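>>> With the input below, show me the fold.
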Amino acid sequence: MTTKLHVAVDSLGNPVRVILTAGQISDIGQAGALIKDQPAEFIVADKGYDSDAFIETITAQGSQAVIPPRANRLNPRTFDRHIYKDRNLIERFFCRIKQFRRIATRYDKLAQSFLSFVHLACAFVWLA
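Here you go, the predicted structure:
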């Protein structure tokens, strides 16, 4: 059994929403819940979030999608490569919370205990 963290961060790399799911759950399945009621000018994500339905959700929310198209798309969309460089904020966030050994190795047996410690690590990220 594995778990997966789905996280949304703000423009400074601070976490604003964390969702824990089973490891086999796809990223796009939690995408709508991550951005729900989160006002943003741009939503930056990787190719795993390239879905017409998710792009429509983003534009309906009043944001602009900065998501590169998957290689198998018949009609590739354009995206702002300069803004896409900010996607490293989420990568740096994960590197910061993996400094907590308990998160990196997943010591906790219960999902609730693990998620509680992830929230504690997120509080440390906000304070740093």
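>>> where along this protein do the helices fall?
Taking DSSP state H as the criterion, the chain carries its helices at 28-35, 52-60, 81-84, 88-97, 101-105, 111-127.
>>> Can you convert the ones you listed into a markdown table and add a column each for distance to Arg17, mean pLDDT and mean neighbour count?
To be clear about C-beta, it is placed using only N, CA and C from the backbone, and glycine gets the same treatment. Shown next, in a markdown table, are the helices of the chain (distance: least, Cβ to Cβ, whole Å; pLDDT from 0 to 100; neighbours: other Cβ atoms under 10 Å):
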| stretch | distance to Arg17 | mean pLDDT | mean neighbour count |
| --- | --- | --- | --- |
| helix 28-35 | 6 | 93 | 17 |
| helix 52-60 | 15 | 95 | 14 |
| helix 81-84 | 20 | 96 | 12 |
| helix 88-97 | 12 | 96 | 15 |
| helix 101-105 | 17 | 91 | 12 |
| helix 111-127 | 10 | 95 | 14 |
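>>> just so I know, which of those helices lies nearest Pro15?
helix 111-127 (4.5 Å; Cβ to Cβ).
>>> Relative to the whole chain's centre, how far out is that closest one?
A distance of 15 Å separates the centroid of the chain from that of helix 111-127, by Cα atoms, centre = their mean, to the nearest Å.
>>> Next, the angle from that helix to helix 88-97.
110 degrees (axes from the mean of the first three to the mean of the last three Cα atoms, to 10 degrees).
>>> Make residue 1 into 57 and carry on from there
That works, and once the first residue is 57, the last one we named lands at helix 167-183.
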